[in-house]
Each structure stands twice: as structure tokens, then as C-alpha cells.
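> With the input below, show me the fold.
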Amino acid sequence: MTAVPITESWTGSDGAPWPAGWTITNGGATLRGNRGDLNIDGQGNVGTGAAHPAVLTDTDVALTFSMDRYGNGTDGWDSNLWFCARTGTARLKADASDVPNTGYGVRIYINPHAQANGDGTFVAWFIAELHRFPGDGTDPGKVPGDGGGFFYKPINPGVDYRMRLRVIGNRVQFRYWPLSEAEPVNEWIVDWTDPAPLPGGHFWIGTWTGWGGNSRGFRFDDLLITAPVRIWDGSTEQAAALRVV
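Purely as a prediction, here's the structure:
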């Protein structure tokens, strides 16, 4: 296993590759604006993923992310954003480059639609759901119970958000919030206990968008991977120590 803490800031010249060690599926990983850009410019209906080289079992991951824009309907609508733990470095299958073959994956599905008033603005619906990839080339789908579901928690283009993915033993927890706000406590979008926990593995970021163009995807910054602070006890938990400012 790899020693923690681990940090990544993606600092460098625009167009440079991601730092050494990341395993990239299907290309599309460059630096842009001192952030990690994980997209394939000029193409739609494609995905890409990135696995960090560290191998960990119990882990607490925090990461800043933002998206460029919503789809506009003429060039596609939807996006997928994956945050995964205990993964391998292989993708699920050739047409699912954003998804690992094994591990726990939180999928944020972003589905914007034009408002009926026709003023050119958009609203969006979001689904955050937990998947458990068993390593046999299949995705059994959303896990039962508290694995997330349909809800409205906005991700607005051009706004920085912070996410936290915590995997301890057989417990998987996930949340995100605007970076400008304090991290919430006692509030998890995903909170699930696995009766057959997966072994240790990598942290994985995956993106997919249904439209092309050079401004269409997600950027990442200020990754921090550390040992878990404390498991949530049902009434109070610690949110400090993982916010990078």
C-alpha cells in the first residue's frame, strides 16, 4: 500500500500531459489553466478516465472540480462525472472509457434541459448514484439502499466544487459542495455498507460528455488523499482537515 497523504495540483503549461504515474484510458488528459483537464477536445459521445498510481484500502479523498458548460441541445445534452475508489487501472470496456472495471464508483449524471420560456437559459437535474464494479466486465447498476438517487443539487458551469469520497472497511460515503462554502457535516449524498467489501486499489476520475467542441468538460485541482479521519457515527463527524485552500 502507498503512504499518505498524497497531493496533486496539476501545475504546468497548458497542453502538457498530466503528472507521471496516472494511467489514462482513451487519452484526453492535459493541463489547462493550472488544472487537470480530462476530456477529448472536439469529440462527443466519448469518455476518458484517469487512475492515480497509489494503491490504498481505507482512504479519504478530496478534490476540487468544475465544469465548462452544459450541453445546448444542438450538440448534445448529458454528462457523466465519476469519482471511484479501490479500482484497477483497466476500463470497464472499450466503449466505457470513463468507468473502471473494478471498484466503487460514484456517478454524477448531469442532464440539463432548456427552460420552456425560451430565454436561452438552462436548468439541470442531477443523479448521484453508487455503483459496485465486481471486476468481471459488467456494471450491475446502482447499488441498493443508500447508494444515492435522483435529487437536485446543482453543479453550475464555471463554479468550483469540492467533493469528498471516503471508503473505510465496508462503508462508502460521498458528498460535494461549493468550494466557497464550508464543508457540510452529517450530510452524505451516498452512504452505503457493502456486505462483501472490495480489496484495495486506486482512486479513479472519469468523465463523459455527449457533445463536442473545445469547451465542454471538467477540470480538476487540489487533490488530497489521506487516511480517514474518523468513520461517521450517525450523529456527528469531522469535516476538517480535508479542505485545501
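
> What mean pLDDT does stretch 209-227 get?
The average pLDDT within stretch 209-227 is 77.

> ugh, wrong one, I meant stretch 30-46
77.

> wait, Thr207 sits on Phe218?
Yes: in this structure, Thr207 is within contact of Phe218 by C-beta atoms under 8 Å, at 4.9 Å. Where you see a C-beta, it was placed from the backbone N, CA and C, and this is true even at glycine.

> And the two? Which one has more around it.
Taking neighbours as other C-beta atoms under 10 Å, Thr207 and Phe218 compare with Thr207 leading, 28 against 24.

> pLDDT below threshold where in this protein?
Within the chain, the segments meeting pLDDT under 70 span 1, 40-45, 71-77, 112-124, 150-152, 211-216, 229-245.

> let's see 50
Counting by pLDDT under 50, the chain has low-confidence residues at 116-117, 231-245.

> Spatially central residue for it, please.
Phe83 (2.9 Å; C-alpha atoms, centre = their mean).

> quick one: what helix or strand has that residue in it?
According to DSSP states H and E, Phe83 maps onto strand 79-87.

> which other helices and strands contact that strand?
Contacts defined by 3 or more C-beta pairs under 8 Å, 6 or more residues apart in numbering; DSSP states H and E place strand 79-87 against strand 46-51, strand 59-67, strand 96-100, strand 102-114, strand 161-168, strand 202-209.

> and the angle for it with strand 46-51?
Here strand 79-87 points in a direction 30 degrees away from that of strand 46-51 (axes from the mean of the first three to the mean of the last three C-alpha atoms, to 10 degrees).

> circling back to that earlier point, list residues touching both of Thr207 and Phe218?
Leu38, Asn39, Ser79, Leu81 (C-beta atoms under 8 Å, 6 or more residues apart in numbering).

> Closest one to Ala196 out of these, please.
Ranked by distance to Ala196 (C-beta to C-beta), those are led by Leu81 at 26.3 Å.

> what's the closest non-adjacent residue to the closest one?
Leaving aside its chain neighbours, Leu81 sits nearest to Ile108 (4.4 Å; criterion: C-beta to C-beta, 6 or more residues apart in numbering).

> mind checking the end-to-end distance for stretch 87-103?
Chord length of stretch 87-103, first to last residue, is 4 Å (C-alpha to C-alpha, to the nearest Å).

> Kindly report the same for stretch 179-196.
Stretch 179-196: ends 34 Å apart by C-alpha to C-alpha.

> chain center to that stretch, what's the gap?
Stretch 179-196 sits 14 Å away from the centroid of its parent chain (C-alpha atoms, centre = their mean, to the nearest Å).

> Over to stretch 78-97?
On C-alpha atoms, centre = their mean, the centre of stretch 78-97 falls 10 Å from the chain's centre.

> Then stretch 20-30?
Worked out by C-alpha atoms, centre = their mean, stretch 20-30 lies 15 Å from the chain centre.
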